[in-house]
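# What follows is a predicted protein model with its sequence.
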There are 2 protein chains.
Amino acid sequence: MQDKEISLAVIQRLPRYYRYLGELLENDVVRISSKELSERMKVTASQIRQDLNNFGGFGQQGYGYNVEYLYTEIGKILGLDKCYNVIIIGAGNLGQALANYTDFERRGFIIKGIFDVNPRLEGISIRGTEIHMIDELEEFVKNNTIHIAALTIPKLKAPAIAKELAKLGIKAIWNFAPIDLNLPKDVMVENVHLAESLMRLSYNLKALEESNTEE
Amino acid sequence: MQDKEISLAVIQRLPRYYRYLGELLENDVVRISSKELSERMKVTASQIRQDLNNFGGFGQQGYGYNVEYLYTEIGKILGLDKCYNVIIIGAGNLGQALANYTDFERRGFIIKGIFDVNPRLEGISIRGTEIHMIDELEEFVKNNTIHIAALTIPKLKAPAIAKELAKLGIKAIWNFAPIDLNLPKDVMVENVHLAESLMRLSYNLKALEESNTEE
DNA sequence: TAGATTGTTAATCGATTAACAATC
DNA sequence: TAGATTGTTAATCGATTAACAATC
């Protein structure tokens, strides 16, 4: 679709635009200018226009952007016009939390199966999705079209499972294990490192406290 | 401690350094050069040295860095040498998952209370931490020193609760609700937007598929 | 037409990388 | 001492912001 490589920074911001446009849409806002959106989002209007123009001209001079149209277009850019089949590896608390999160389904991410090593969980269903034993993983993936695997397993198990998933042809891994997965570069990995996020918060809290005592 | 403002990009990377150093420490590696660490982490050695030198000279020419020392120092920078008391607002799946995650405790984040609106959950304990009703929040925070509040509640409820927490003097919010909290700038907010993370993954997956069909 | 606001080019700013003198 | 590797300065690169002509 677009020519030049889109920078990581732009891609990082796209879902946030999508979220704001979704909220505007909910509030029946029909049009919005980059200036007004920039004020709401606390970014510059320039950045919004630059970002969007990576993908095409979605606005109109003198008018701004049609909220619904822009929302739909960004949705397409993010691939949200398609459905993706998801499996969750690891039916611990986090895996179950993901399985219970109905919002993902609304956006087209369909949970097809949940896998764990714990025999106690075998056969239990979460919102209609069955928990399978991990040794059924290979057959399951071969018999179903799976686009995305969410990894909510201990860090020591994650690299081996990820490697197996890659071998089975899964091209997208949503990794919650606190480790970097080294996979072929045609396998996309999106990390959610909660511990690192919490550390950033504690860094900022500490920096705040120090700046208070200094003055 | 340090003079000039540390850039956001550096702070983002610090926990990852900490994680790698922790792993090296577990593997009894005593010293490491920026070059070797850069190869493991897939960043440039220059960046590692620049990043670290924001906080001080932790290395030694001709030798490199002492792993244990550097690990400890980065821990201090991140505020991990102190303990923080945490409350979790929202005892849904995600809140319970956080409450069950023992790793946070190990790093000094102590969960002191969990709050919810659901009367069915009243009095139930998760790993020894009691679930309270949300109307007890104010008194609880006044009677306990709470440093961090994790918000795992629906997006519509998040802004009001966050505002209340700020008013009660809590200076750090770990926000899992898919909304931006507008709080006084002396309140630190760290967002974990899972839906946005998943969208980035689907963007990358889509981009990958398109690049495959093009060639 | 006049006003508004985009799309886009140019200028600025900041972050990353390269280079190397200092020094262990 | 010679070799290695840091800490730090300088060069490069990329991302952000500003400006404005195009145009609705």
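That came in fine, so what should we check first? Numbering: from 1, shown residues only, chains lettered A, B, ... in the order given.

# Please enumerate the helices of chain A.
Assigned by DSSP state H, the helices in chain A fall at A:8-26, A:34-41, A:45-53, A:67-77, A:93-100, A:102-106, A:137-143, A:158-167, A:194-214.

# What are the structural domain limits within chain A?
What automatic domain parsing lists as the domains of chain A is A:8-77, A:84-195.

# Go through those and pick out the most buried.
The highest average neighbour count among the domains of chain A, using mean count of other Cβ atoms under 10 Å in any protein chain shown, belongs to domain A:84-195 at a mean of 18. Yep, even glycine has a C-beta here, placed from its N, CA and C like the rest.

# Okay, now the unreliable bits of chain A?
A:1-4, A:214-215 (pLDDT under 70).

# Could you list the residues of it in contact with DNA strand C?
With Cβ under 7 Å from any atom of the strand as the criterion, chain A meets DNA strand C at residues A:33-35, A:45-46, A:49-50, A:52-53, A:57-65.

# now with 10 Å?
Counting by Cβ under 10 Å from any atom of the strand, the residues of chain A close to DNA strand C are A:9, A:31-38, A:45-65, A:70.

# name the helices or strands packed onto the lengthiest strand in chain A?
For chain A, the strand with the greatest residue count under DSSP state E is strand A:109-116. For strand A:109-116, the packing partners by 3 or more Cβ pairs under 8 Å, 6 or more residues apart in numbering or on different chains; DSSP states H and E come out as strand A:84-89, helix A:93-100, strand A:129-133, helix A:137-143.

# Can you check what angle separates the third one from strand A:109-116?
Angle, strand A:129-133 to strand A:109-116, by axes from the mean of the first three to the mean of the last three Cα atoms, to 10 degrees: 30 degrees.

# which residues are in contact with strand A:129-133?
A:91, A:99, A:111-117, A:119, A:121-125, A:140 (Cβ atoms under 8 Å, 6 or more residues apart in numbering or on different chains).

# now the longest strand of chain A against helix A:93-100, angle please.
Going by the same axes, to 10 degrees, strand A:109-116 makes 150 degrees with helix A:93-100.

# Which strands border strand A:109-116, and is each parallel or antiparallel?
strand A:84-89 (parallel), strand A:129-133 (parallel) (DSSP bridges).

# Run the chain-centre distance for the last one.
So that's strand A:129-133. 23 Å (Cα atoms, centre = their mean, to the nearest Å).

# do the same with the longest one
On the basis of Cα atoms, centre = their mean, the separation between the geometric centre of strand A:84-89 and that of its chain is 13 Å.

# That strand to helix B:194-214, inter-axis angle?
120 degrees.

# cool, the last one as well?
Counting by the same axes, to 10 degrees, strand A:129-133 points 70 degrees away from the direction of helix B:194-214.

# circling back to that earlier point, could you export the helices and strands packed on strand A:109-116 as a markdown table, including distance to DNA strand D?
Converted to a markdown table, these look like this (distance: least, Cβ to the nearest atom of the strand, whole Å):
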| stretch | distance to DNA strand D |
| --- | --- |
| strand A:84-89 | 27 |
| helix A:93-100 | 29 |
| strand A:129-133 | 38 |
| helix A:137-143 | 35 |
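
# And these: which comes nearest A:Asn175?
Minimum separation from A:Asn175 across these (Cβ to Cβ) falls at strand A:84-89, 10.0 Å.

# Other residues contacting the closest one?
By Cβ under 8 Å, 6+ apart, strand A:84-89 touches A:95, A:98-99, A:104, A:108-116, A:134, A:137, A:140-141, A:144-153, A:161, A:165, A:172, B:202, B:205.

# Alpha carbons of that strand, as CSV, please.
Provided in CSV are the C-alpha atoms of strand A:84-89 (Å, rounded to 0.1, in the frame of the first residue of the first chain):
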residue,chain,number,x,y,z
TYR,A,84,-7.7,-13.3,13.6
ASN,A,85,-7.8,-16.7,15.3
VAL,A,86,-5.9,-16.7,18.6
ILE,A,87,-4.6,-19.3,20.9
ILE,A,88,-3.5,-18.7,24.4
ILE,A,89,-0.6,-20.7,25.7
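
# Thank you kindly, that will do.
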